[in-house]
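Visitor: sequence and predicted structure are below.
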Amino acid sequence: MIVRFGYVSMSVIVENASPSKTMTATHFQKIPDREAAIRKLERIAEQNLHNTLRLLKHNRAHDIHMYRFSSKLIPLLTHDILRTWDPFPTLKPAFKAVGDYVKEHKMRVSFHPDHFTVFSTPREEVLKNSIYDLEQHVNMLEAMELDARAKCNIHIGGTYGNKEESLQRFLKQFGALPTRIKQRMTLENDDKTFTSRETLTACEACNVPMVLDIHHHWVNDGGDDMTALWPSIVQTWKEEEIPPKIHVSSPKNEKNPRSHADFVEVTFLLAFLRAIAPSTERLDVMIEAKKKDEALFKLMSDLEGMEGVETLDQSTIRIG
DNA sequence: ACCTGTCAAGTCTGG
DNA sequence: CCAGACTTGACAGGT
């Protein structure tokens, strides 16, 4: 099995390269000239996209083939006070430059809209905002001219005191999304609400791939063994041109088992990789650690020399 | 240069 | 019905 590692959003190594600079809504509203305020937002977005490109070049220099974009590339994009704003004409060249670089170097990229995007919600307003948020993420991928291999990953959402009803509501509301969006979606198991098995069921019903988060599974396993679920999870990727993806992070400490530690504990991950290696050809592993790319390099160094682990480049191993 | 409270959004818990 | 926790990078306003 060939395993590639990636990291999320920002680098702790490249300095002054935030892809998530922003402006508060309060500050925006204090600027008397709205047109000037909007130009300022667009300038921040251009800087975020420029820094994203710098990060991709950093990734390229270190053989990192997988990366998750910040969801905050365009400040206040889906805020109520900016519903009539269309920044895409202005930002098109910057988005295209990012997309061109991704394609030129055959990188795997994604978004992870945050937990305000919830399709299990019973609230009309929240559903409306969730759809709008996803649309805007897809608009960004389309502005980069990336095809449906570039995904948006979300969770199923809250349970509202009735998990079965909430799941049914999710299936109905998520299922109603247009193909343009749904073809780019993946679903991830949650650390509090929907377990791996429940998320898998939803993925099968909606015909979208499942991203297994092995840390979330560890704190919310629903009595299931993730190795036993793995063959079915792999099946949700069978129509895709990209390998299955998992998320990995390690508990911060015993008191905060759900929080993310600075680095990734190699033992837990390696045990899972060894277990699935015989039945899996390729796997992409997204590292969700506080130390971002530094955690990736530390993990690679920890894996170096482990039995049955062969290093192929700075972010890729062969195992089993 | 550095520190501290605050920030768009949702959900859950506890009072 | 409302406040606070959750969690997180960065702002905003201060020294």
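Guide: Structure's in. What do you need?
Visitor: for A:V14, phi and psi?
Guide: Note on A:V14: backbone dihedrals following degrees, to the nearest 10 are phi -80, psi 120.
Visitor: now it: closest residue in space, sequence neighbours ignored.
Guide: Leaving out its chain neighbours, the residue that sits closest to A:V14 by Cβ to Cβ, 6 or more residues apart in numbering is A:H58, at 5.0 Å. C-beta here means a position set from N, CA and C on the backbone, and glycine is covered the same way.
Visitor: next secondary structure after the one helix or strand the one you found maps to?
Guide: In this structure, A:H58 sits in helix A:34-61 according to DSSP states H and E. The C-terminal neighbour of helix A:34-61 among helices and strands, as given by DSSP H and E, is strand A:66-68.
Visitor: what helices and strands are in contact with that following strand?
Guide: strand A:2-8, helix A:34-61, strand A:108-111, strand A:282-287 (3 or more Cβ pairs under 8 Å, 6 or more residues apart in numbering; DSSP states H and E).
Visitor: what's the following helix or strand after that strand?
Guide: Using DSSP H and E, the first helix or strand after strand A:66-68 is helix A:88-104.
Visitor: circling back: show me the contacts for the residue nearest to A:V14.
Guide: Contacts for A:H58 were tallied using Cβ atoms under 8 Å, 6 or more residues apart in numbering; they are A:11, A:13-14, A:17, A:64, A:293.
Visitor: give me the buried subset of the residues you listed.
Guide: Buried subset of the contacts of A:H58 (neighbour count, 16 or more other Cβ atoms under 10 Å): A:11, A:14, A:17, A:64, A:293.
Visitor: point out the residues in the stretch 101-250 of chain A that sit beside DNA strand B.
Guide: Residues of the stretch 101-250 of chain A lying near DNA strand B by Cβ under 7 Å from any atom of the strand: A:114-116, A:118, A:120-121, A:123, A:125-126, A:129, A:133, A:157-161, A:192-193.
Visitor: mind listing the strands for the stretch 201-320 of chain A?
Guide: With strands called from DSSP state E, counting those that start in this stretch, the stretch 201-320 of chain A shows them at A:210-213, A:245-248, A:282-287, A:309-313, A:316-319.
Visitor: winner for burial among those?
Guide: Among the strands of the stretch 201-320 of chain A, the stretch with the highest mean neighbour count (mean count of other Cβ atoms under 10 Å) is strand A:210-213, at a mean of 26.
Visitor: ok, A:D86 - how many residues close by?
Guide: Burial of A:D86 is recorded as 9 neighbouring residues (other Cβ atoms under 10 Å).
Visitor: using the three-state scheme, assign the one residue in the stretch 51-200 of chain A that gets nearest to DNA strand B.
Guide: Residue of the stretch 51-200 of chain A nearest DNA strand B, by Cβ to the nearest atom of the strand: A:G158 (2.7 Å). Following DSSP: H, G, I helix; E, B strand; the rest coil, A:G158 is assigned to coil.
Visitor: returning to that earlier point: for the strands of the stretch 201-320 of chain A, please prepare TSV with the additional fields mean pLDDT.
Guide: Listed next are the strands of the stretch 201-320 of chain A as TSV, based on pLDDT from 0 to 100:
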stretch	mean pLDDT
strand A:210-213	98
strand A:245-248	98
strand A:282-287	98
strand A:309-313	98
strand A:316-319	98
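Visitor: show me what from the stretch 151-300 of chain A comes close to DNA strand C.
Guide: By the rule Cβ under 7 Å from any atom of the strand, the part of the stretch 151-300 of chain A lying against DNA strand C is A:256, A:258-260, A:290.
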